[in-house]
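Participant: what follows is a predicted protein model with its sequence.
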Amino acid sequence: MAPLLAEARHAHDVRLLFTTRIVRLFAYGLVSVVLVLHLTAAGLSESQIGLLLTLTLLGDAAISLWITTRADRAGRQRMLLLGALLMIFAGALFAITRSFWLLLLAATFGVISPSGNEVGPFLAVEQAALAQNIAAERRTGVFAWYNLAGSLATALGSLCGGVLADGLQGSNVSALGSYRVLAAGYAVLGAGLAVLFLRLSAASEAPRVGEPPPKGAGFHLGLATSRNQVFKLAGLFTMDSFAGGFVVQAFVAYWFQRRFGVSPSVLGAIFFGANLLAGLSALMASRVARRIGLLATMVATHIPSNVLLFLVPLMPSLPLAITVLLLRFSISQMDVPTRQAYTMALVPAGERSAAAGVTGIARTVGASLSPMIAGPLYASAALASLPFLLAGGLKIVYDVLVWQTFKKVKIEKSA
């Protein structure tokens, strides 16, 4: 990690962007673990909570699309600061009110993560700024560490959120009061994030090349020369994330419990190991990409991962099912940093925030659709294995299509 940062063109900004990622994902983890408990303690019904969480994701997607498609022209630092202010807005309202309508306002127009995963405009803009400051041949390795740092920060934030809430309630603080303290902490971390973003240098801004597309020139979303390629990539990423929505962690944990009677503590151990392996697998991606290229690494590591996904529900015993799942996770994330590096290499420097934003939103939309189909399948004993087969099959189709679509496309040399 240190050598990669030392060789960065502007190591100060790269270290700063790693720090902002860690602070932000820690904040997401801090509140996500108690978010539904907070809303319940505030007196919201299950239907109101469901609506609020749905609008949280839709609002984050809409805001992210608006910000990321303007960041390269309006200023990356300015747009990152706006995102931090939206975090402060959401945390502050959650800390002071129990009004459904105000909480709905905060969730829809603020930035808050129900899952602990990355939401809002930050990821796309930070990726573009990192690509600006890292030599092309180093990007995949830096993106791998960037993703691992975020995963560990989320895990630590979730742990701290649960421990702090329990500790406060043990000190005679009400449940709602303890969750409000965490929400206030989230707002404070958002303010800290804003301070860090103020330290970014001009080196992280997009180069000023050419003129902005004229008004009425079409649905450009901040894209010009790369628009067609980015839209193709976004469509394929939507298919991949739609497939992934059939096997989100909550569903897989439910399947293990229904199939093998696994206790929550054992489930926690399984997925702690799985996520740790997934994070570590990303670190191997840059070595493979140097040998065979970014696109080939995306496909060659993804197909075996999805074959293993097929095999999980076919295992006759719990130890075998866990083994196959862990093997799958041990290579499942190798396509993530390579996918990010490929997107950055595919487009001009002045369109990277927009490209990452459009493809990121495409993935969010795809992933939000399939759980509605998967839920009834998991509820049926006869069909509970089908989501694994659908996910694996669709992902392999995605791998073939992305290879066929982009195998002849020239990109900036990167690994």
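Facilitator: Happy to help now that I have it. Numbers count the residues shown, from 1 in each chain.
Participant: now the helix or strand hosting Arg15: how far from the chain's centre is it?
Facilitator: Using DSSP states H and E, Arg15 sits within helix 11-32. Computed by Cα atoms, centre = their mean, to the nearest Å, the chain-centroid distance of helix 11-32 equals 13 Å.
Participant: I'd like the next helix or strand past it.
Facilitator: helix 35-41.
Participant: list the buried residues in that following helix.
Facilitator: Residues Leu35, Val36, His38, Leu39, Thr40, Ala41 are the ones in helix 35-41 that count as buried (16 or more other Cβ atoms under 10 Å). (Each C-beta comes from the backbone N, C-alpha and C, glycine too.)
Participant: other SSEs contacting that helix?
Facilitator: helix 46-74, helix 175-198 (3 or more Cβ pairs under 8 Å, 6 or more residues apart in numbering; DSSP states H and E).
Participant: looking at these, which has the lowest confidence?
Facilitator: For the helices and strands packed on helix 35-41, mean pLDDT drops lowest on helix 46-74, to a mean of 78.
Participant: quick one: list the elements packing against it.
Facilitator: helix 35-41, helix 76-96, helix 100-109, helix 122-133, helix 352-379.
Participant: Asp60: which of these is closest?
Facilitator: Closest to Asp60 of the helices and strands packed on helix 46-74, according to Cβ to Cβ: helix 352-379, at 7.9 Å.
Participant: buried residues in the closest one?
Facilitator: 352-368, 370, 374, 377-378.
Participant: tell me the angle that helix makes with helix 76-96.
Facilitator: In terms of direction (axes from the mean of the first three to the mean of the last three Cα atoms, to 10 degrees), helix 352-379 departs from helix 76-96 by 40 degrees.
Participant: show the subsequent helix or strand relative to helix 352-379.
Facilitator: Following helix 352-379 toward the C-terminus (DSSP H and E): helix 386-406.
Participant: got a list of contacts for that next one?
Facilitator: 229, 232-233, 236, 239-240, 242-244, 246-247, 251, 255, 295, 298-299, 302-303, 306-307, 309-310, 312-313, 346, 374, 377-378 (Cβ atoms under 8 Å, 6 or more residues apart in numbering).
Participant: circling back to that earlier point, what's the closest of the buried residues of helix 35-41 to Ala175?
Facilitator: Ala41 (4.7 Å).
Participant: let's see the pLDDT reported for that closest one.
Facilitator: Reported pLDDT for Ala41: 87.
Participant: what about it, distance to Gln169?
Facilitator: 10 Å (Cβ to Cβ, to the nearest Å).
Participant: how about Glu205?
Facilitator: Distance from Glu205 to Gln169, by Cβ to Cβ: 46 Å.
Participant: do the same with Leu267
Facilitator: 24 Å.
Participant: picking up where we left off before, which elements pack onto the helix holding Arg15?
Facilitator: helix 2-6, helix 76-96, helix 122-133, helix 139-170, helix 175-198.
Participant: reformat these as a markdown table; add mean neighbour count.
Facilitator: Shown next, in a markdown table, are the helices and strands packed on helix 11-32 (neighbours: other Cβ atoms under 10 Å):
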| stretch | mean neighbour count |
| --- | --- |
| helix 2-6 | 12 |
| helix 76-96 | 22 |
| helix 122-133 | 26 |
| helix 139-170 | 20 |
| helix 175-198 | 19 |
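Participant: comparing these by mean pLDDT, which bottoms out?
Facilitator: Mean pLDDT values for the helices and strands packed on helix 11-32 show the minimum at helix 2-6, a mean of 52.
Participant: can you tell me how far Pro207 sits from Met239?
Facilitator: 32 Å.
Participant: looking at these two, which is more packed in?
Facilitator: It is Met239, of Pro207 and Met239, that has more neighbours when counted by other Cβ atoms under 10 Å, with 18 against 10.
Participant: ok, the more buried one touching Gly366?
Facilitator: Yes: contact status for Met239 versus Gly366: in contact at 6.7 Å, counting by Cβ atoms under 8 Å.
Participant: how close does Leu30 sit to Arg352?
Facilitator: Taken as Cβ to Cβ, the span from Leu30 to Arg352 is 29 Å.
Participant: tell me which element the one residue sitting closest to the centre of the chain is part of?
Facilitator: In the chain, the C-alpha nearest the mean C-alpha coordinate belongs to Glu118, at 4.0 Å (Cα atoms, centre = their mean). Glu118 belongs to no helix or strand when assigned by DSSP H and E.
Participant: who's in contact with it?
Facilitator: With Cβ under 8 Å, 6+ apart, Glu118 has these contacts: Arg24, Leu25, Tyr28, Gly150.
Participant: would JSON lines of these with distance to Val400 be doable?
Facilitator: Below are the contacts of Glu118 laid out as JSON lines (distance: Cβ to Cβ, whole Å):
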{"residue": "Arg24", "distance to Val400": "35"}
{"residue": "Leu25", "distance to Val400": "33"}
{"residue": "Tyr28", "distance to Val400": "34"}
{"residue": "Gly150", "distance to Val400": "30"}
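Participant: relative to Ala71, which of the residues you listed is nearest.
Facilitator: Distances from Ala71 to the contacts of Glu118, taken by Cβ to Cβ, are shortest for Arg24, at 16.1 Å.
Participant: count the residues that sit near that closest one.
Facilitator: 30.
Participant: surely it touches Leu193?
Facilitator: Yes: at 5.8 Å, Arg24 and Leu193 qualify as touching, with contact defined as Cβ under 8 Å.
Participant: so what sits against both of these two?
Facilitator: Met87.
Participant: assign the residue lying farthest from the centre of the chain to helix, strand or coil.
Facilitator: Distance from the centre of the chain peaks at Asn172, with 36.0 Å (Cα atoms, centre = their mean). Judged by DSSP: H, G, I helix; E, B strand; the rest coil, the three-state class of Asn172 is coil.
Participant: tell me the phi and psi of it?
Facilitator: Per-residue torsions, Asn172: phi 70, psi 20 (degrees, to the nearest 10).
Participant: quick one: it from Gln340, how far?
Facilitator: Asn172 is 47 Å from Gln340, by Cβ to Cβ.
Participant: list the helices and strands the helix or strand harbouring Ser305 packs on?
Facilitator: Using DSSP H and E, Ser305 maps to helix 294-311. Applying 3+ Cβ pairs under 8 Å, 6+ apart, we find helix 294-311 packed against helix 285-292, helix 318-332, helix 335-346, helix 386-406.
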